[in-house]
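[1] Following is a predicted model, sequence given first.
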Amino acid sequence: MSAEPPGRRGSVVDRQLARAREWDALVARVRSLGPGFADFLRPPRLESLLPAVGTGTLAMVNVTSTRCDALLVEACGVRGVPLPDLDAQEAAERVSGHIDRLGRVDEAAAHVRRTGRRALADPSFGTFHDHHTAKRHLRAAEEELDARLLDDLGWLWRTVADPVLRAAASNRVWWCPTGPLGFLPLHAAGHHDGSGRSVLDRAVPSSVPTLRALARARTELLGGADRMLVIAPAAGPPLPQTAAELDLLRGLFPPHLLTVVEGADATRERVLRELRDHRWAHFSCHGRQNLLDPSHGGLLLADGVLTVAELGAERLDGGFAFLSACMTATGGVRLADEVITLGAGLHYAGFRHVLATLWSVDAEAASAFAAELFPGLVTAGRLDPARTAGAATRAMRRLRDAEPERPSRWAAFTHTGP
């Protein structure tokens, strides 16, 4: 390409300067329209966001190679808590190992499904032996995941959670991690040995992508109807928990407050349309996450994937969404600070309270969590989203108390919202 002729170079610069001046004038004009426009295109003021935490504490955990700290955001202001035992390199190594172990469990589970199908199609000693061997390998992968996860949870308690909870103003805590910590279950940090040294025993924990998102989630609901939408597409491998979850919800909600979209009817267009008309939603389906390009992850519906990007572009007005699907609170590995997850996408789109999972959970664990959760939220056929954080914490505690040695089955569930 040839260089800009000297005679035209000045005119191009002049046009750019003129556009910049016009832009500044238009922004100033908008800001002069009234108090509601005074901060147009400005970053939010801290004093406008502080009320979002109420009497609780938001802990933004900053992880760098230089030092690590937690910024505690409370109604009275912001203060720092040094985290001298938290090391960025160790955090990255622990996350890398955790993701690798999750991948081995998923691969082993897929092999169990394949060998199971072959054993059903061709019953023989060889196919049954292969299926039995596959199940043994899955159990070994799960045992390794749980053992290392328990160690990670103890490390998170010592380096992050215990110092934060000691300094926090109350036991209502929102975690807002940065960097690799976004892949680990800070809400479940601790020693789950009956000693009470854990976040689940000492606090009601939630996660938020940003302080601004928490402030927006506290705004009043204006649209939609107080009805439960259940999405159960017949896409991907069969989900054994779907029937149990449908039975549970049909027992809690009267027919006029329950809309079930299942099978081939659960298309991307239909689901988006129904989401605009329902304040409560339950997804019993497969989730798919792309760790290298998380905006292309999403929910597997009858006609394809409803992506994080598509959900984030919507303007919904919902109170509650439960994603009984896998890896719906998992972000990407390239830009870990960018909170691009399916759960966060629904939260940004307008659902105030979102329950999601950090990794794949089996059908039994998903059904058990739903069975513990919903009775604490629904009274006389009506769901109270404001009780979600407490109900989710109690459900995780009960699952934890039943199987403390298997955190992979209960630490995956997360709550995002006020």
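    Yes, it's here. Numbers count the residues shown, from 1 in each chain.
[2] Tell me where the stretch 151-300 of the chain has strands.
    Under the criterion DSSP state E, counting those that start in this stretch, strands of the stretch 151-300 of the chain are mapped to 172-177, 204-207, 225-232, 258-262, 278-284, 286-288, 298-301.
[3] how big is the angle separating the fifth one from strand 258-262?
    Note on geometry: by axes from the mean of the first three to the mean of the last three C-alpha atoms, to 10 degrees, strand 278-284 and strand 258-262 are set 40 degrees apart in direction.
[4] so what secondary structure elements neighbour strand 278-284?
    Applying 3 or more C-beta pairs under 8 Å, 6 or more residues apart in numbering; DSSP states H and E, we find strand 278-284 packed against strand 225-232, helix 241-252, strand 318-324. C-beta coordinates here come from the backbone N, C-alpha and C atoms, glycine included.
[5] for the fourth one, same thing?
    With contacts defined as 3+ C-beta pairs under 8 Å, 6+ apart, strand 258-262 has these neighbours: strand 225-232, helix 241-252, helix 268-275.
[6] any chance of these in TSV, plus mean pLDDT and distance to R45?
    Shown next, in TSV, are the helices and strands packed on strand 258-262 (pLDDT from 0 to 100; distance: least, C-beta to C-beta, whole Å):
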stretch	mean pLDDT	distance to R45
strand 225-232	88	34
helix 241-252	88	42
helix 268-275	90	32
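[7] picking that back up, now the strands of the stretch 151-300 of the chain in TSV, with mean neighbour count?
    Below are these laid out as TSV (neighbours: other C-beta atoms under 10 Å):
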stretch	mean neighbour count
strand 172-177	24
strand 204-207	25
strand 225-232	20
strand 258-262	18
strand 278-284	26
strand 286-288	21
strand 298-301	24
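[8] Nearest to A366 among these would be which one?
    Of all these, it is strand 278-284 that lies closest to A366, at 8.1 Å by C-beta to C-beta.
[9] mind listing what the closest one pairs with, with the direction of each?
    Paired neighbours of strand 278-284 in the sheet (DSSP bridges): strand 225-232 (parallel), strand 318-324 (parallel).
[10] Just want the angle from the shortest one to helix 241-252.
    Just to be clear, that refers to strand 318-324. Strand 318-324 runs at 140 degrees relative to helix 241-252, counting by the same axes, to 10 degrees.
[11] So for strand 318-324, what gets flagged as buried?
    By neighbour count with 16 or more other C-beta atoms under 10 Å, strand 318-324 contains the buried residues 318-324.
[12] Which of these sits closest to R276?
    G318 (9.0 Å).
[13] The closest residue to A313 other than its chain neighbours: what's it in contact with?
    Excluding its sequence neighbours, the residue lying closest to A313 (C-beta to C-beta, 6 or more residues apart in numbering) is A349, at 7.7 Å. If you count contacts by C-beta atoms under 8 Å, 6 or more residues apart in numbering, A349 has them with 311-316.
[14] who wins for neighbours among those?
    Counting neighbours by other C-beta atoms under 10 Å, the top entry in the contacts of A349 is L311, with 25 neighbours.
[15] Give the closest residue to that residue in space, chain neighbours not counted.
    Using C-beta to C-beta, 6+ apart, the closest residue to L311 is G345 (4.1 Å).
[16] Unless I misread the structure, the one you found falls within a helix.
    Yes. Remark: G345 belongs to a helix, assigned using DSSP: H, G, I helix; E, B strand; the rest coil.
[17] got the contact list for it?
    Going by C-beta under 8 Å, 6+ apart, G345 touches 308-309, 311-312.
[18] out of the contacts of A349, which are inside helices?
    311-312 (DSSP state H).
[19] Turn the contacts of A349 into CSV, including distance to T259.
    CSV is the format used below for these (distance: C-beta to C-beta, whole Å):
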residue, distance to T259
L311, 18
G312, 23
A313, 23
E314, 18
R315, 20
L316, 15
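[20] Would you mind writing the CA trace of stretch 363-383 as PDB?
    Extracted in PDB, the C-alpha atoms of stretch 363-383 (Å, rounded to 0.1, in the frame of the first residue of the first chain):
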ATOM      1  CA  ALA A 363     -26.800 -37.700  37.200                       C
ATOM      2  CA  GLU A 364     -27.100 -38.900  40.800                       C
ATOM      3  CA  ALA A 365     -25.300 -35.900  42.200                       C
ATOM      4  CA  ALA A 366     -27.400 -33.500  40.000                       C
ATOM      5  CA  SER A 367     -30.700 -35.100  41.100                       C
ATOM      6  CA  ALA A 368     -29.600 -35.100  44.800                       C
ATOM      7  CA  PHE A 369     -28.700 -31.400  44.700                       C
ATOM      8  CA  ALA A 370     -32.000 -30.500  43.000                       C
ATOM      9  CA  ALA A 371     -33.900 -32.600  45.600                       C
ATOM     10  CA  GLU A 372     -32.200 -30.800  48.400                       C
ATOM     11  CA  LEU A 373     -32.500 -27.300  46.800                       C
ATOM     12  CA  PHE A 374     -36.000 -26.800  45.500                       C
ATOM     13  CA  PRO A 375     -38.000 -27.700  48.700                       C
ATOM     14  CA  GLY A 376     -36.100 -24.800  50.400                       C
ATOM     15  CA  LEU A 377     -37.100 -22.400  47.600                       C
ATOM     16  CA  VAL A 378     -40.800 -23.300  46.800                       C
ATOM     17  CA  THR A 379     -43.700 -22.600  49.100                       C
ATOM     18  CA  ALA A 380     -47.300 -23.200  47.900                       C
ATOM     19  CA  GLY A 381     -46.200 -23.500  44.300                       C
ATOM     20  CA  ARG A 382     -44.300 -20.200  44.300                       C
ATOM     21  CA  LEU A 383     -40.500 -19.900  44.100                       C
END
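[21] what's the average pLDDT for that stretch?
    The pLDDT scores in stretch 363-383 average 90.
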